[in-house]
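1. 3D, please:
(one chain, ligands or ions: 2)
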Amino acid sequence: MAGESHRRILEACKMKIGELFGFDSVQLTVLVDNEIYLEGLRSTWGLSVYVEVERNGLKRKVLMDTSGSYDTLIYNSSKLGIDLSAVDAVFISHWHGDHCGCLKDVLEVLKPETPVYVPSSNRSEVKAIGEVGGKAIICSKAKRFFEGFLSTGCLGRWTKEHSLLIKLVNSEFILITGCAHPGVINIVKRSRNLIENFKLKAVIGGFHISSRREGLIVGNFMKENNVETVSPCHCTGTDAKSAIAEVLGANYSRCGSGKSFQFKSK
Ligand SMILES: [Zn+2]
Ligand SMILES: [Zn+2]
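-> Ligands and ions are numbered 1, 2, ... in the order given. Modelled structure (predicted):
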């Protein structure tokens, strides 16, 4: 009855949407991706997204993944005028080097005790976070933080990964995936299980698919769910991206280092 106990765990952590306040505006900037969006920036195999949110004048800054290249991260951030030392929290999707390889270098420039939301208890990594002054917070189950951020909780049998949900005041959600090893459709389904009346506005990140066939499946799933902005990047292959773009038309958004997204609560 593994399925039944899993269902009960999900029911137990199901959250009422009112418990997360949400933000008036959400600004995402892709600091590092495999491709370049803005001329003059650099690319490398990896992902890092800078998230800045605002609610009633209060701003929060979260770094989702660091990529594996500190040089690329710092170079692109400074070109974009983003001060990484002001980051309030770091969210690490999973323990692969292309997502957390330069985490220790990043933590060196952040405030002491900066929370680092991680998917699972990788003992050596968690210890290393503490050694450079960060504070690891393990999200094996869904976890809320600040006024409107939510970890989906850990998914995946082999590669443990969690994804980041951000709520707008109007109850729409933005989902950022790292590599989506557990499958981007499964991640959306988990999100729906966690949140009542789940409304997905945007999905951005690695989708971990390569073929046209997979792209069509994901594209159609996003279409059926009326997702307004879908921006696959990082570990999403060219054929898969083209298929998603074909299905979604104007709802598809090309990604890359320097791409930014602005979402406002209507
Ligand atoms: Zn990756
Ligand atoms: Zn990965």
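2. and the gap between the closest residue to ligand 1 within the stretch 151-266 of the chain and ligand 2?
-> Nearest residue of the stretch 151-266 of the chain to ligand 1 (Cβ to the ion) works out as residue 179 at 3.7 Å. Yep, even glycine has a C-beta here, placed from its N, CA and C like the rest. Distance, residue 179 to ligand 2, by Cβ to the ion, to the nearest Å: 3 Å.
3. Just say helix, strand or coil for that residue.
-> coil (DSSP: H, G, I helix; E, B strand; the rest coil).
4. shift numbering so it begins at 49
-> Sure thing, new numbering starts at 49, so read that last one as residue 227.
5. Can you give me the neighbour number for the spatially closest residue to it that is not a sequence neighbour?
-> Spatial nearest neighbour of residue 227, excluding adjacent residues (Cβ to Cβ, 6 or more residues apart in numbering): residue 254 at 4.5 Å. Using other Cβ atoms under 10 Å, residue 254 has 27 neighbouring residues.
6. For residue 254, give the beta-bridge partners.
-> residue 281 (DSSP bridges).
7. Which pLDDT value belongs to it?
-> In this model, residue 254 is scored at 98, pLDDT.
8. you'd agree it is up against residue 230?
-> No - using Cβ atoms under 8 Å, residue 254 makes no contact with residue 230, being 11.7 Å away.
9. Count the residues that sit near residue 218.
-> Quick note: residue 218 (other Cβ under 10 Å) scores 12 neighbours.
10. List, one by one, the residues from the chain near ligand 1.
-> 146, 227, 283 (Cβ under 5 Å from the ion).
11. Could you export these as CSV, including pLDDT and neighbour count?
-> Formatted as CSV, the residues of the chain next to ligand 1 follow (pLDDT from 0 to 100; neighbours: other Cβ atoms under 10 Å):
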residue, pLDDT, neighbour count
146, 98, 23
227, 98, 25
283, 97, 23
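12. Next up, the contacts around residue 143.
-> Residue 143 sits next to 166-168, 170, 173, 208 when contact means Cβ atoms under 8 Å, 6 or more residues apart in numbering.
13. in a helix, that's where it is, yeah?
-> No - counting by three-state DSSP, residue 143 is not found in a helix; it is coil.
14. so how far is residue 213 from it?
-> Residue 143 sits at a distance of 20 Å from residue 213 (criterion: Cβ to Cβ, to the nearest Å).
15. same question, residue 290
-> 27 Å.
16. Same drill for these two, tell me which one is more crowded.
-> Using other Cβ under 10 Å, the more surrounded residue of residue 290 and residue 213 is residue 213, with 24 against 14.
17. Next to ligand 2, which bits of the chain? Give me the list.
-> Listed as neighbours of ligand 2 in the chain under the rule Cβ under 5 Å from the ion: 144, 227.
18. Tell me which stretches of the chain form helices.
-> Under the criterion DSSP state H, helices of the chain are mapped to 50-60, 118-127, 145-148, 151-157, 171-179, 232-242, 260-272, 286-296.
19. which of the ones you listed is buried the deepest?
-> helix 145-148 (a mean of 22; mean count of other Cβ atoms under 10 Å).
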